[in-house]
Structure formats: C-alpha cells, structure tokens
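In: sequence plus predicted model, see below.
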Amino acid sequence: MHRTRVIGLMSGTSVDGIDAALVEISGRDWDLQVKLLAGETYPYPPQLREKILEIGAGAAVSMAELAAIDDAIAHNFAQAAQNIQVGHPPASLIGSHGQTVYHRPRQNPGELGYSCQLGRGALIAHLTGITTVSNFRIGDIAAHGHGAPLVPRVDAYLLSDLQEDRCIQNIGGIGNVTYLPARGDDWLSQIRGWDTGPGNSLLDLAVKYFTNGTKTYDENGAWSASGTPCQFLVEQWLQQEYFHLPPPKSTGRELFGVHYLNQCLEDAQTYQLNPADFLATITELTAVSIVHSYEAFLPRRPHKVILCGGGSRNIYLKYRLQLLLGKVPVSTTDEFSLSASFKEAIAFAVLAYWRNLCIPGNLPTVTGASQEVLLGEIHGNYG
Ligand SMILES: Nc1ncnc2c1ncn2[C@@H]1O[C@H](COP(=O)(O)OP(=O)(O)OP(=O)(O)O)[C@@H](O)[C@H]1O
Ligand SMILES: CC(=O)N[C@H]1[C@@H]2OC[C@@H](O2)[C@@H](O)[C@@H]1O[C@H](C)C(=O)O
C-alpha cells in the first residue's frame with residue numbers, strides 16, 4: 001500500500017510551543033492509517049511567545065510588525081519541520097495549522113466569521129523545500145462555518161468504534177469535544193463537536209499570576225490538587241452565556257483569556273480563596289463545563305470519554321472529570337494507539353494529506369458549514 005510521509009505542525013491557544021509530528025499516512029477514510037514516526041514540541045523563543053500572547057490579548061501592532069511576527073513564526077515552524085525529520089527519510093508534504101492569534105466565530109448563520117493563523121505557509125514551503133498546506137480554517141468559514149473544530153473528521157476515522165459511543169475530549173488552551181456515535185447508518189452526519197470552553201487557558205494564566213511569571217502551568221495539577229474547589233463560584237461562572245449556547249460553537253482566548261481571569265479573581269475575593277483553592281476552582285470550571293455540555297447537547301451519555309491535549313496530563317483535572325462522569329470511564333488516546341500529546345499535529349498532517357487527495361476535511365454538522373469543503377491552501381516550493 002502506498003504510504004505518504006507528512007509533517008503536521010500545530011501551535012494552539014496555549015502558545016506553549018510548536019507540536020511537530022512526522023507521520024506515515026495511507027488510505028482515505030475507513031482504511032485511513034497513520035503511523036507516528038516522531039513527535040516533538042519545540043518551545044517558542046520566550047520573546048516571540050510573549051509577543052504572540054500580547055497580540056492575542058488585543059495589543060496594537062503596525063502592519064510592518066505583524067508581517068515580521070508572521071515570518072518569525074513561519075521560520076520557527078520551518079525549523080521544527082527540519083528538526084523532526086532528522087534521522088528519518090524526508091517528508092513530501094507539510095500540514096501547518098499555524099498560530100491562532102484571533103478567532104471571531106460567526107454570530108449568525110448568514111454571516112462569515114474571522115479566524116487568523118500566523119506563520120505563512122508560503123514561507124514554510126520556501127524554507128523547507130516541501131509543499132505546505134496551511135490556512136485550513138478559511139475554507140470552512142467561507143462556507144458559513146465556524147472554521148473550528150476541524151479535528152473531528154480525523155477523530156471519526158481514527159477513533160470511532162462499532163459498538164461504543166465515544167467522546168474525544170481535547171484539553172488544550174481551549175477544550176473541544178468530538179462525539180462519535182457507534183458506527184452505523186448515516187453515521188458521519190450524527191457526529192457532533194464543539195468547543196466546550198476553557199481548557200488550560202485560565203489555569204495557565206492564574207499560575208503565571210500567582211508565581212509572578214516564573215511558572216506557566218500547573219504541572220500534573222499538583223498545586224490545584226492541594227486546594228478545594230469553591231462550588232458557589234463554579235455555579236456562578238457557569239451562568240456565562242457561552243456555556244448555554246447550543247452547538248455549533250467555537251471560542252478562544254478572546255473570551256477565556258486575561259479579562260476573564262481578572263473577573264474570576266475579582267469574584268473570588270468574596271470567598272477569600274488562597275491560590276491553591278483558586279486554582280482548584282478554575283480546574284473545576286473546566287471539568288464541570290465539559291460534563292455539563294455533554295449533558296446539555298449530546299443525544300445520550302457516551303460509553304467512554306477519551307482525553308488528549310496537554311490537559312490530559314493534568315492528573316487532578318482527570319480525577320475531577322472522572323468523578324463528575326461517574327461510571328463512564330475516562331482514558332487518554334494513548335491507550336488507543338494515538339498519541340494524546342501529538343494528536344492535533346497528526347490531525348493537521350491528515351488534513352493536508354486529504355487536501356492533496358481532494359478529500360473534504362470539515363464536518364458540516366460540527367462547524368455549521370453549509371457543505372463539505374476542501375480545507376487548506378497549497379503552497380508549492382518554487383526554489
Ligand atoms: N504535565 C502536565 N501537567 C499539567 N498540565 C499540562 C502538562 N503538560 C501540558 N499541560 C497543559 O497543557 C497545555 C498545552 O496543551 P496543548 O499543547 O494541548 O494546547 P494547545 O494545542 O496549545 O491548545 P488548543 O488545543 O486549545 O489549540 C499547557 O499550557 C499546560 O497547561
Ligand atoms: C481558532 C482555533 O485555533 N481553534 C482551536 C482552539 O484549540 C482548541 C479549540 O480551540 C479548537 O476549536 C481549535 O483547534 C482544534 C485543533 C480543531 O480545530 O479541531
């Protein structure tokens with residue numbers, strides 16, 4: 001069987017670094033097979049990371065500065081692509097998600113949303129000499145979709161089951177779920193997916209705040225685990241309009257970012273929480289918002305919840321999720337032969353591979369698009 005070596009590159013809303021996955025892909029849909037040859041996270045240079053976070057939080061930049069940042073990101077992505085191939089035969093294709101710096105989902109079905117990913121594919125192709133597919137979200141947005149989440153169609157072919165209904169829950173900066181009913185008739189149209197709300201974005205910001213920037217996340221959730229969640233606050237925060245919106249829906253740091261955290265810190269003053277209690281409460285918001293959204297928007301409880309993304313390594317968050325889900329077992333995609341840390345990067349490799357084969361990448365029932373479309377712009381290498 002013909003196998004294509006593809007590199008998937010992804011930096012998500014946590015802005016923690018570039019996830020690179022070198023994969024071998026074969027097949028099209030039911031026969032789709034993906035083998036991870038190498039996976040690595042390459043941290044951004046700290047100054048570039050701060051700049052990205054500033055822009056994402058609404059800082060003003062000139063067009064000249066924006067162009068320079070766009071290219072700096074592309075340089076880092078290209079370097080990640082070069083590094084991940086060392087010791088392996090070269091790849092023939094790159095799928096680069098880029099770095100999201102702004103996401104404004106459509107408010108009404110008649111409008112077009114806006115989503116901006118920096119790290120232009122043309123420069124990645126030029127620097128690596130490898131054809132690069134980038135700007136994946138624009139095609140779905142043009143078809144009146146949210147442009148996110150896009151991973152569900154890949155989840156469908158790699159993680160669905162004949163008997164079980166499964167939720168694949170990514171916990172990155174933002175959380176997003178893919179609901180995969182057991183495979184049957186008209187199955188693709190029954191898949192659902194949406195952004196559940198904050199993943200680690202608020203927790204990371206809170207850790208940064210309490211440590212004066214010396215730490216960027218709560219490793220294994222150890223600090224949060226030493227506190228007690230304040231359920232009154234969680235109840236209060238759950239009133240937020242986003243949690244009650246029916247899918248299709250998507251969100252980003254524009255909502256669950258610095259301003260949101262500042263409001264949470266202000267609300268917490270009433271309860272005089274110490275840092276550990278505050279972190280436990282923020283973690284609880286992530287866990288409860290995920291489980292509430294299943295209860296509100298899924299046709300039935302899944303048989304399994306399978307985690308991926310950096311948050312799947314937060315032991316305390318996983319424990320709280322398991323507690324809330326009761327008998328529904330919580331595991332990670334690692335246990336299903338798909339790396340929990342690199343699943344998103346792998347997914348963008350698959351989306352690039354599909355683009356090359358003219359196979360649509362979006363799921364209209366997830367993004368709200370009017371139709372299936374080809375995702376991504378192809379940038380050749382012109383020497
Ligand atoms: N060992 C760990 N313990 C606790 N949290 C962790 C651990 N490792 C990673 N994380 C969390 O995962 C985050 C990174 O996750 P990931 O790379 O999946 O996010 P992302 O891809 O940037 O976001 P998104 O999926 O929203 O685009 C870190 O910012 C951190 O909060
Ligand atoms: C605009 C944007 O970058 N959205 C990301 C983000 O990170 C998680 C969640 O919000 C998800 O909808 C999406 O990413 C994944 C990779 C997706 O498109 O499936």
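Out: Looks like it arrived, so ask away. Ligands and ions are numbered 1, 2, ... in the order given.

In: tell me the residues of the protein that contact ligand 1?
Out: By the rule C-beta under 6 Å from any ligand atom, the part of the chain lying against ligand 1 is 12-14, 16, 170, 172-174, 199-200, 204, 217-221, 309-311, 313-314, 344. Bear in mind the C-beta positions are built from the backbone N, C-alpha and C, glycine included.

In: can you give me the buried ones in the top strand by length along the chain?
Out: Longest strand in the chain by number of residues, with DSSP state E as the criterion: strand 93-104. Judged by neighbour count (16 or more other C-beta atoms under 10 Å), strand 93-104 contains these buried residues: 93-101, 103-104.

In: next helix or strand past that strand?
Out: Downstream of strand 93-104, the next assigned helix or strand under DSSP states H and E is strand 114-118.

In: that following strand to strand 93-104, inter-axis angle?
Out: 130 degrees (axes from the mean of the first three to the mean of the last three C-alpha atoms, to 10 degrees).

In: need the residues that contact the very next helix or strand once past strand 114-118.
Out: Next helix or strand after strand 114-118 toward the C-terminus (DSSP H and E): helix 121-128. The contact list for helix 121-128 (C-beta atoms under 8 Å, 6 or more residues apart in numbering) reads 9, 71, 74-75, 77-78, 81-82, 94, 96, 98, 130-135, 377, 379-382.

In: can I get helix 121-128 in PDB, CA atoms only?
Out: Extracted as PDB, the C-alpha positions of helix 121-128 are listed here (Å, rounded to 0.1, in the frame of the first residue of the first chain):
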ATOM      1  CA  GLY A 121       2.700  28.600   4.600                       C
ATOM      2  CA  ALA A 122       4.400  30.100   1.500                       C
ATOM      3  CA  LEU A 123       7.500  30.900   3.700                       C
ATOM      4  CA  ILE A 124       7.400  27.500   5.300                       C
ATOM      5  CA  ALA A 125       7.400  25.900   1.800                       C
ATOM      6  CA  HIS A 126      10.200  28.200   0.700                       C
ATOM      7  CA  LEU A 127      12.400  27.500   3.700                       C
ATOM      8  CA  THR A 128      11.900  23.700   3.800                       C
END
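
In: what pLDDT, on average, does it get?
Out: Averaged across helix 121-128, the pLDDT comes to 98.

In: what is the orientation angle of it with strand 93-104?
Out: 150 degrees.

In: the next helix or strand after helix 121-128 - contacts with which helices or strands?
Out: Sequence-wise, the next helix or strand downstream of helix 121-128 (DSSP H and E) is strand 132-134. Applying 3 or more C-beta pairs under 8 Å, 6 or more residues apart in numbering; DSSP states H and E, one finds that strand 132-134 makes contact with strand 93-104, helix 121-128, helix 343-356, strand 377-379.

In: isn't residue 275 right next to residue 210, touching?
Out: Yes: Residue 275 is within contact range of residue 210, at 4.5 Å (criterion: C-beta atoms under 8 Å).

In: now the closest residue to ligand 2 within the stretch 251-383 of the chain: closest residue in space that isn't a chain neighbour?
Out: Nearest residue of the stretch 251-383 of the chain to ligand 2, counting by C-beta to the nearest ligand atom: residue 344, 4.6 Å away. The shortest distance from residue 344 to any non-neighbouring residue, by C-beta to C-beta, 6 or more residues apart in numbering, is to residue 10 (4.8 Å).

In: how about the residues of the chain by ligand 2?
Out: So the chain meets ligand 2 at 12-13, 100, 103, 115, 148-151, 170, 172, 174, 176, 195, 250, 252, 344 (C-beta under 6 Å from any ligand atom).

In: mark which of these are part of helices, please.
Out: Members of these lying in helices (criterion: DSSP state H): residue 344.

In: give me the subset of the residues of the chain next to ligand 2 lying in strands.
Out: Filtering these for strands - DSSP E - leaves 100, 103, 115, 170, 174, 176, 195.

In: most neighbours among those, which one?
Out: Neighbour tally across these (other C-beta atoms under 10 Å): the maximum, 30 neighbours, falls on residue 170.

In: contact partners for the nearest residue to it once chain neighbours are set aside?
Out: In space, and not counting its chain neighbours, residue 170 is closest to residue 309: 4.3 Å by C-beta to C-beta, 6+ apart. By C-beta under 8 Å, 6+ apart, residue 309 lies in contact with 12, 170-172, 175, 199, 340-341, 343-344.

In: considering those residues, which member attains the minimum pLDDT?
Out: Minimum confidence in those sits at residue 12, scoring 90.

In: related to what we said a few turns ago, surely the residue of the stretch 251-383 of the chain closest to ligand 2 and residue 172 touch.
Out: Yes: proximity of residue 344 to residue 172 meets the contact threshold set by C-beta under 8 Å, at 7.2 Å.

In: tell me which of the two has more neighbours.
Out: Ranked by neighbour count (other C-beta under 10 Å), residue 344 and residue 172 place residue 344 first, with 25 against 21.

In: picking that back up, which residues do residue 344 and residue 172 both contact?
Out: 12, 309.

In: circling back to that earlier point, any chance of the ones in strands among the residues of the chain next to ligand 2 in a markdown table, with distance to residue 55 too?
Out: Formatted as a markdown table, these follow (distance: C-beta to C-beta, whole Å):
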| residue | distance to residue 55 |
| --- | --- |
| 100 | 11 |
| 103 | 12 |
| 115 | 14 |
| 170 | 23 |
| 174 | 17 |
| 176 | 22 |
| 195 | 20 |
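
In: out of those residues, which one sits closest to residue 21?
Out: Closest approach to residue 21 among these (C-beta to C-beta): residue 170, at 14.7 Å.

In: what packs against the strand or helix carrying the residue nearest to residue 344?
Out: Applying DSSP H and E as the criterion places residue 10 in strand 4-11. Helices and strands touching strand 4-11, by 3+ C-beta pairs under 8 Å, 6+ apart, are strand 18-26, helix 63-85, strand 93-104, helix 343-356.
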